[in-house]
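**Student:** Okay, here's the prediction I keep looking at, along with the sequence it came from:
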Amino acid sequence: MKLLALAALAFAPLCVAWNPPIAQAGSEAPRAGERSLEVARASAWPAIPADKAATVKIDIERLRKAGTPEMAEQAEAALVASGAMVAPGLIVALGKERNVEARLRIEAVLDRVTSAEHTRLLAPSFADKSRDVRLWALTRCAAFPDRELAKAAQDALGKARAALAKDEQLEGGAAELYAAALCATAAGSHAGLDVLGRSAVSDWGKQGVEIRAALAAVRDGESTKFALELLAKGERKQQVAALNLLAGCGTRDALAAVKPQLDSTDNSIRVAAINAMRGIVDGDLPIANLPVFEAIELAKKWKERG
């Protein structure tokens with residue numbers, strides 16, 4: 001099961017939520033701004049016309065059972081052209097499918113036919129009996145912040161915690177816990193901060209963009225306190241992770257703890273501190289791959305400014 005194996009497909013043309021790129025050294029990072037515009041949330045899936053129901057069913061089966069790339073492409077194109085009305089059938093198919101490649105094909109189409117409009121229609125899938133469905137739905141909704149999903153995401157987070165507590169080796173358990181924490185955080189809940197904190201330490205390179213995007217919904221005192229406690233632990237990886245978190249969720253109360261890190265001789269810590277300052281003070285996105293010399297110069301400017 002993927003985490004975000006097909007993340008590039010996750011944002012359909014109608015996507016209105018903010019999912020930031022990482023700025024490159026020497027480029028002007030875009031302003032973070034608001035994470036999402038006002039979205040008209042759908043209350044029901046579009047109905048499938050009676051004369052198309054059989055065709056949609058056949059296309060879903062073709063997508064699942066595709067024996068050649070051409071067959072898969074044809075089925076995908078037909079389903080995408082049909083739009084959101086095919087989502088319920090695809091979700092059911094995802095829950096039944098056991099072939100990994102077929103699941104990825106189904107998820108790819110679901111990513112293309114759903115958007116911010118559909119978050120509240122996807123929320124019931126957080127409690128689906130299929131972990132594949134739960135994981136996809138949580139990950140998808142995390143991309144489209146919707147505070148109305150907070151309770152459903154927190155419930156999913158609690159169940160994922162309980163499942164892992166019962167069986168630490170549970171297949172897919174850690175992935176589901178992370179997805180639930182990401183979704184809950186994007187919905188404005190603090191319940192999953194501990195999970196995202198651990199991921200920030202171990203997997204920021206892979207998950208940093210989505211974690212940073214989710215944290216924008218909880219830029220407040222409670223999140224700042226959590227990140228500062230991680231920063232105070234003093235180990236290098238934890239310091240970098242804490243600064244990365246503060247870039248997304250920190251308030252100005254964190255500046256006194258961040259500024260000394262600008263003097264670090266460890267360039268990873270120095271760059272993370274620069275990015276924390278950028279996020280806290282200006283709401284700007286992080287700069288990636290910042291050379292030592294440029295980092296030193298930027299650190300000097302932030303010490304003067306922050």
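**Tutor:** Cool, the structure landed.
**Student:** Name the secondary structure element that contains the residue nearest the centre of the chain.
**Tutor:** Closest to where the C-alpha atoms of the chain average out (Cα atoms, centre = their mean) is Glu210, at 3.7 Å. Assigned by DSSP states H and E, Glu210 belongs to helix 193-215.
**Student:** Using PDB, write out the CA atom coordinates for that helix.
**Tutor:** What follows is helix 193-215, C-alpha atoms only, in PDB (Å, rounded to 0.1, in the frame of the first residue of the first chain):
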ATOM      1  CA  LEU A 193       1.300  16.000  16.800                       C
ATOM      2  CA  ASP A 194       3.300  13.300  18.500                       C
ATOM      3  CA  VAL A 195       3.100  11.100  15.400                       C
ATOM      4  CA  LEU A 196       4.100  13.900  13.100                       C
ATOM      5  CA  GLY A 197       6.900  14.800  15.400                       C
ATOM      6  CA  ARG A 198       8.300  11.300  15.200                       C
ATOM      7  CA  SER A 199       7.900  11.300  11.400                       C
ATOM      8  CA  ALA A 200       9.700  14.700  11.300                       C
ATOM      9  CA  VAL A 201      12.700  13.100  13.000                       C
ATOM     10  CA  SER A 202      12.800  10.000  10.800                       C
ATOM     11  CA  ASP A 203      11.200  10.800   7.500                       C
ATOM     12  CA  TRP A 204      11.200  14.500   6.800                       C
ATOM     13  CA  GLY A 205      12.900  14.100   3.500                       C
ATOM     14  CA  LYS A 206       9.900  12.000   2.200                       C
ATOM     15  CA  GLN A 207       7.100  13.500   4.200                       C
ATOM     16  CA  GLY A 208       8.200  17.000   5.000                       C
ATOM     17  CA  VAL A 209       6.100  18.800   2.400                       C
ATOM     18  CA  GLU A 210       2.800  17.200   3.500                       C
ATOM     19  CA  ILE A 211       3.700  17.600   7.200                       C
ATOM     20  CA  ARG A 212       4.500  21.300   6.700                       C
ATOM     21  CA  ALA A 213       1.200  21.800   4.800                       C
ATOM     22  CA  ALA A 214      -0.800  20.100   7.500                       C
ATOM     23  CA  LEU A 215       0.900  22.100  10.300                       C
END
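**Student:** quick one: buried residues of stretch 205-217?
**Tutor:** Of all the residues in stretch 205-217, those buried under the rule 16 or more other Cβ atoms under 10 Å are Gln207, Gly208, Val209, Glu210, Ile211, Arg212, Ala213, Ala214, Leu215, Ala216, Ala217. All C-beta atoms are positioned from the backbone trio N, CA, C, and that covers glycine.
**Student:** Look up how far Asp263 lies from the third one.
**Tutor:** Pointing back at Val209 there. Distance, Val209 to Asp263, using Cβ to Cβ, to the nearest Å: 28 Å.
**Student:** Which parts of the stretch 101-250 of the chain are helices?
**Tutor:** Applying DSSP state H, counting those that start in this stretch to the stretch 101-250 of the chain gives helices spanning 119-122, 131-142, 150-166, 173-186, 193-215, 221-231, 236-249.
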